[in-house]
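> here you go, sequence then predicted model.
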Amino acid sequence: MKKIITLVVLVIGLANVNFADEGMWIPLLLEKYNIEDMQAKGFKLSAEDIYSINQDCLMDAVVIFGRGCTGEVVSDKGLLLTNHHCGYGAIQKHSSIENDYLTEGFWAMNMREELPNENLSVKFLKSIEDVTEKVLKDVSDDLTEDVRQEIIKTNIDTLKKLSTADTHYSAVIKPFFYGNQYYMFIYEEYKDVRLVGAPPSAIGKFGGDTDNWMFPRHTGDFSIFRIYADKDNKPAEYSEENVPYKPKRFLPISVKGINEGDFTWVMGYPGSTQEYLISDAIEQIANIRNPNRIEVRDARLEVMNKYADMNDTIRIKYASKNAGASNSWKRWKGEIVGLERLKTVEKKKALEAKFQNWAKLNSKTEYYKIIPQLSELYSEIEEYAIAYDYWRESIRSIEVIRFASMFDKVIKTIKDEGSEEDLEKELKKLQSELDKFFKDYVKDIDQEIFMKLVPMYYNKVNSTYKPNVQGLNIDEISGFADNLYSESLFLNQSKCNSLVQDFNKETIKVVENDPVYKFYKSFADIYKNEVKPKYDSLNYETKRLYRAYLKGLQEMNSDKIYYPDANFTMRVSYGNVEGFSPRDGVDYKYYTTIDGVIEKDNPQIYDYDVPQKLKDIYKAKDFGIYQQDGSVPVCFIATNHTTGGNSGSPVLDAEGNLIGLNFDRAWDGIMSDMMFDPERSRNVTLDIRYLLFIVDKFAGAGHLVDEMKIIK
Ligand code: ARG
Ligand code: GLU
């Protein structure tokens with residue numbers, strides 16, 4: 001008996017080693033795989049409290065916000081929290097010179113003042129189902145990959161239809177472990193989501209791109225929305241008649257405080273990770289792809305920053321473009337350093353060698369060849385990957401070229417003799433792209449970027465993919481650029497407007513003869529015909545091999561519980577509140593406070609210009625119930641495994657109370673999309689007390705706090 005107990009303890013112990021806070025787990029499987037581990041680490045609830053189809057559960061309070069973020073409901077009147085950078089688009093759309101909500105902040109003092117947002121919706125998850133068997137029905141190992149995928153597609157379509165018939169729900173079925181498993185997610189989408197509050201950017205984006213991906217952090221990265229429904233609490237398009245949505249469940253908020261070591265967990269929508277890539281892929285990313293992409297963005301950012309520093313109008317126009325370009329740029333840089341320090345390639349190589357050995361020893365012929373074949377594929381992919389990245393990063397990111405490419409859909413609709421309706425729809429879209437393009441466009445910036453980026457393409461891609469552009473000499477590009485930027489109609493708003501307002505068969509020629517359009521086309525044709533098809537088919541091939549690899553890995557390590565890569569489906573991550581040591585001699589505490597905001601204050605530096613009102617409140621020490629030890633906590637870090645898409649996700653305590661909003665990761669462990677480092681991978685969370693403090697004391701919107709359930 002004793003032996004058995006020791007064995008059980010040993011097995012559980014072994015399983016635990018694998019966890020080490022890494023992992024993004026499927027809510028449906030928590031009961032099976034995680035709950036014991038979670039509870040051992042301090043979690044006080046059951047798996048059913050998180051996910052259940054039989055009872056209301058915490059999942060009911062968490063939504064997909066817009067297209068790539070997470071949000072959570074915090075009141076019985078549909079009040080919703082997410083990040084400032086997630087609400088940014090909506091806040092910007094409502095902003096004008098007179099009402100500059102981005103700069104000043106926005107606070108609805110009653111429901112009538114809440115602002116509707118076209119094209120913004122939230123999705124509630126109703127259920128998760130393992131549909132592997134149904135999706136793989138009639139699929140056998142001897143099929144070609146194409147036939148396999150075709151059957152899968154048919155099965156998925158049928159299942160989706162069946163599962164949502166006679167409902168207003170939608171179904172999404174996604175592959176897990178590269179298609180070894182499939183899960184179906186049923187959603188209910190609410191389309192009337194209104195803006196309730198946003199702090200000024202000097203709080204919501206405090207630290208800007210300088211502090212982005214970094215800790216210590218002092219960003220008040222939140223915004224507040226409200227979900228509206230029809231009289232029956234059902235989803236409805238925006239209408240004045242709509243009423244605040246009454247949720248099945250909302251999250252209570254704890255202001256009791258956070259200590260190092262506390263159990264903490266995150267529920268949300270991580271977008272994508274690549275944890276099971278083989279060493280060759282990691283080498284390609286770290287040595288070729290990331291450096292190439294960084295090179296191009298370095299150049300773009302350098303030009304944008306130079307102009308932004310010259311003039312505030314330009315800074316505002318390019319704020320969003322700059323943030324977009326610098327976000328991944330900075331992450332890529334951190335990934336290179338982190339992968340290297342973690343010796344990811346060596347570790348992956350060791351695993352691959354072990355796998356090969358195991359396959360040989362056990363005569364698993366189906367697994368012998370996977371690693372060498374994958375390796376071979378990566379060397380084949382390389383030239384396409386380089387061309388692919390330079391097309392996207394250099395050519396496609398030149399603004400006027402992107403804009404020219406937007407005429408393609410309209411042209412195609414006319415050439416394919418699409419219906420009047422389709423054409424009208426496409427023209428409407430084009431018109432709105434046109435307005436957007438000219439609203440924030442500075443020709444000098446774009447032209448300078450053009451002159452830097454086009455030569456990069458020619459210097460790096462294989463000669464097969466270099467179009468022969470008449471008159472282009474990359475060593476003397478400025479004359480060419482001058483001509484292009486002075487002759488093209490895409491730089492003339494009124495000409496573009498008249499063109500779009502009366503677009504027909506004849507005007508296609510005007511577009512097609514334009515020098516910018518021609519320039520774009522010569523690259524696009526090569527990309528579409530020579531690069532993309534091959535790039536896609538080689539990647540498709542790798543997926544098939546990874547599917548076998550993951551199956552084999554799980555067979556080899558049968559006592560290890562694997563988690564699937566993130567794929568923008570709901571996941572739970574859990575760990576502890578914990579500081580870390582990024583470098584020799586440096587220790588990071590697990591939290592920051594408003595003292596640090598004031599320390600960073602510098603009116604000369606845009607990113608650190610603390611609003612006067614906040615400084616006054618600080619001076620008066622008017623911290624209310626949000627204070628701890630004479631200050632207000634601002635951010636904290638923990639070992640929860642998260643990624644892009646987790647922005648806005650609720651960070652919860654052991655009892656399921658909201659203690660913060662996830663919004664970032666710390667630089668030193670940023671390679672966690674490819675390999676998690678328990679020593680250094682940390683998610684960065686906005687402490688809920690700073691959010692409440694800003695709403696209550698800074699904005700004077702205490703009525704919103706009153707609406708929430710605060711646990712003191
Ligand atoms: N790094 C955070 C996340 O991926 C915040 C991004 C927005 N902020 C910014 N400065 N660009 O996506
Ligand atoms: N800021 C990220 C987002 O927009 C979350 C941080 C991360 O990548 O972990 O989703």
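Noted; the coordinates are in hand. Ligands and ions are numbered 1, 2, ... in the order given.

> contact residues of this structure facing ligand 2?
Proximity of the chain to ligand 2 (Cβ under 6 Å from any ligand atom) is limited to residues 642-647, 663-665. Any C-beta I mention is one placed from the backbone N, CA and C, and that applies to glycine too.

> repeat that for 8 Å
Listed as neighbours of ligand 2 in the chain under the rule Cβ under 8 Å from any ligand atom: 68-70, 83, 85-86, 270-271, 327, 331, 642-648, 662-665, 672-673, 683-684.

> kindly give a single PyMOL line that selects the buried subset of the residues you listed.
The PyMOL command for the buried members of these (criterion: 16 or more other Cβ atoms under 10 Å) is given here:
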select buried, resi 69+70+83+85+86+270+271+327+331+642+643+644+645+646+647+648+662+663+664+665+672+673+683+684
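
> C69 pairs with what?
With beta bridges defined as DSSP bridges, C69 has these partners: F65.

> how much space between it and ligand 1?
9 Å (Cβ to the nearest ligand atom, to the nearest Å).

> from this structure, which residue is nearest to ligand 2?
Ranking the residues of the chain by distance to ligand 2 (Cβ to the nearest ligand atom) places S647 first, at 3.0 Å.

> which parts of the stretch 101-250 of the chain are helices?
When assigned using DSSP state H, counting those that start in this stretch, the helices of the stretch 101-250 of the chain occupy the ranges 101-104, 132-135, 145-164, 201-204, 208-211.

> which of those helices sits most buried?
Burial among the helices of the stretch 101-250 of the chain, expressed as mean neighbours by mean count of other Cβ atoms under 10 Å, is greatest for helix 201-204, which shows a mean of 24.

> outside of it, which residues touch it?
Among residues not part of helix 201-204, those counted as contacts by Cβ atoms under 8 Å, 6 or more residues apart in numbering are 84-85, 102-103, 105, 198, 219-223, 609-611, 614, 694, 698.

> and those, which of them are buried?
Under a neighbour-count criterion of 16+ other Cβ under 10 Å, the subset of the contacts of helix 201-204 counted as buried comprises 84-85, 102, 105, 198, 219-223, 609-611, 614, 694, 698.

> quick one on the thing from earlier: switch the helices of the stretch 101-250 of the chain over to TSV; also include mean pLDDT and distance to E417.
Formatted as TSV, those follow (pLDDT from 0 to 100; distance: least, Cβ to Cβ, whole Å):
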stretch	mean pLDDT	distance to E417
helix 101-104	92	44
helix 132-135	98	37
helix 145-164	97	28
helix 201-204	97	47
helix 208-211	93	47
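
> which one of these lies closest to ligand 1?
Minimum separation from ligand 1 across the helices of the stretch 101-250 of the chain (Cβ to the nearest ligand atom) falls at helix 208-211, 4.6 Å.

> now for the closest one, which elements pack on it?
Where contact means 3 or more Cβ pairs under 8 Å, 6 or more residues apart in numbering; DSSP states H and E, helix 208-211 is packed against helix 319-341.

> send me the helix it packs on as CSV with only the CA atoms.
Output of helix 319-341 as CSV, limited to C-alpha atoms (Å, rounded to 0.1, in the frame of the first residue of the first chain):
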residue,chain,number,x,y,z
ALA,A,319,0.6,58.1,-33.1
SER,A,320,-1.3,55.0,-33.9
LYS,A,321,0.9,54.0,-36.8
ASN,A,322,3.9,54.5,-34.7
ALA,A,323,2.5,52.4,-31.8
GLY,A,324,1.5,49.7,-34.3
ALA,A,325,4.9,49.6,-35.9
SER,A,326,6.9,49.7,-32.7
ASN,A,327,4.9,47.1,-30.8
SER,A,328,6.0,44.0,-32.7
TRP,A,329,9.4,45.6,-33.5
LYS,A,330,10.2,45.7,-29.8
ARG,A,331,8.8,42.2,-29.2
TRP,A,332,10.9,40.7,-32.0
LYS,A,333,14.0,42.3,-30.5
GLY,A,334,13.3,40.9,-27.1
GLU,A,335,12.5,37.4,-28.6
ILE,A,336,16.0,37.2,-30.2
VAL,A,337,17.7,38.0,-26.9
GLY,A,338,15.4,35.7,-24.8
LEU,A,339,15.7,32.7,-27.2
GLU,A,340,19.4,33.0,-27.1
ARG,A,341,19.7,33.3,-23.4
